[in-house]
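Asks: Compute the structure for the input listed below.
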Amino acid sequence: MNSDSDLQIAGDILEVPHLLQPPREHPATVAEFAGLARSIAADRSQWEHLVRYDAASRWYHRLRTGPGYEVWLLSWVPGQGSGLHDHGRSSGVLTVLHGALTERTERGTRALGAGAQRVFAPGYVHEVVNDTIEPAVSLHIYHPGLTEMPMLSPSRLRAAGGAPVSACAAEHGPVDSVTA
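Replies: Numbering: from 1, shown residues only. Below is the predicted model of the structure:
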């Protein structure tokens, strides 16, 4: 008869290197990409000195690249927004580093404060806006690297019963292909 107490590992499992996976140099899973974003967020020395604010358009800076992914740093002054868009074939992780942002989707509106994180799959449609009176900074990781960001009609959210899209999209027009 076998029981859990009959199973024993002889010796030190760490002495069997072929059973251990080597640590990865670059993330490969959703959890690892989210972890990378959290580790960058926690180490302000990696990004804080790079941040710039631009009242005319959102500022962005590619912070890092790796095999098949990109990490972008974005700043948002009050009133700036991405417009309604998706990310083509890229998945992503959005992490708010400083301040607060609002995300609007066909399911509704979500407030994202510092430390908040959103993970999304290819084709995810949203608008990100700084609705506050203070600037905000966010980190975006795209896998594979962002090659397109189709802008969509604001009526798509209204038709789906979602939150109305802000006037930012109309005021600022389409955004760069590497933001939000």
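
Asks: Low-confidence bits of this protein, can you list those?
Replies: Along the chain, segments meeting pLDDT under 70 span 1-23, 155-180.

Asks: Tell me which residue is most central in it.
Replies: The chain has Leu94 as the residue nearest its centroid, 1.8 Å off, counting by Cα atoms, centre = their mean.

Asks: Please give me every residue in contact with that residue.
Replies: Counting by Cβ atoms under 8 Å, 6 or more residues apart in numbering, Leu94 touches 103, 112, 117-120, 128, 138-140, 180. Backbone N, C-alpha and C define where each C-beta goes, glycine included.

Asks: Ok, Phe120 next?
Replies: Contact analysis of Phe120 by Cβ under 8 Å, 6+ apart lists 87, 91-94, 126.

Asks: where's it relative to Thr105, distance?
Replies: As judged by Cβ to Cβ, to the nearest Å, Phe120 and Thr105 stand 9 Å apart.

Asks: so where do the helices sit in the protein?
Replies: Here the chain has its helices, by DSSP state H, at 30-42, 155-159, 168-172.

Asks: hang on, the earlier thing: so for Phe120 and Thr105, which residues contact both of them?
Replies: His126.

Asks: Thought Tyr124 was touching Val93, still the case?
Replies: No: assessed by Cβ atoms under 8 Å, Val93 is found out of contact with Tyr124, at 11.5 Å.

Asks: of the two, who's got more company?
Replies: Between Val93 and Tyr124, counted using other Cβ atoms under 10 Å, the more crowded position is Val93 (23 against 15).

Asks: ok, and the closest non-adjacent residue to Asp86?
Replies: Take Asp86 and drop its neighbours on the chain: the residue closest to it by Cβ to Cβ, 6 or more residues apart in numbering is Val125, 4.9 Å away.
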